[in-house]
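Trainee: Need coordinates for the following:
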Amino acid sequence: MTTVVYPGSFDPITCGHLDIIKRASKQFDKVIVAVLNNSSKKPMFSAEERVKLIEKSIADLPNCSAERFDGLLVDFARQKNASAVVKGLRAITDFEYEFQMALLNKKMEPEIETIFMVTNANYSYISSSIVKEIASLGGDFCDLVPAEIYEDVKLKIKEGR
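Mentor: Numbering: from 1, shown residues only. Here you go, the predicted structure:
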């Protein structure tokens, strides 16, 4: 059984993230969406809330799950017996950063590969930061996040004002 980890902050999960998850779920036996609890960022949603939003978004994908993690990605991947890390790329600027991270991860854990998936062009402009900005300014963001979590994001934005 081939298990892969798709890591990120997912604050919140976007349609672009979901596209990568769905495509990875067709290529691999098990996809673990790994929610990083990054202490250097101030997320809108707690790690637990982000896991719940992802679970709502992937409910129809039986070979996908969501978990939070702290620490090194390679340690989490090793713990989950994952053979690879899946990373989504929107632009060349994503590649530069992700390439460096892939090389670092390979140095720390040579057995774990990094697989890059290019985003669908329909989602190449979407990021969690953009979603939060549009939503906080009262803009329409319904096509940017999975329909299952739209109301959750809207409510959280309203609470934050």
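Trainee: residue boundaries of the strands in this protein?
Mentor: 3-8, 30-36, 64-69, 84-89, 113-118 (DSSP state E).
Trainee: Check which helices and strands the first one is in contact with.
Mentor: In terms of contacts (3 or more CB pairs under 8 Å, 6 or more residues apart in numbering; DSSP states H and E), strand 3-8 is packed against helix 15-27, strand 30-36, helix 73-79, strand 84-89. Heads up, the C-betas are built off the backbone N, CA and C, glycines and all.
Trainee: any residues touching the shortest one, and which ones?
Mentor: Contact partners of strand 84-89, identified using CB atoms under 8 Å, 6 or more residues apart in numbering, comprise 2, 4-7, 16-17, 19-20, 24, 28, 31, 73, 77, 94-95, 98, 101-102, 105, 112-119.
Trainee: And for the second one?
Mentor: The set of residues that contact strand 30-36 without belonging to it, under CB under 8 Å, 6+ apart, is 1-10, 21, 24-25, 47, 50-51, 54, 58, 61, 63-70, 73, 76, 80, 82, 86.
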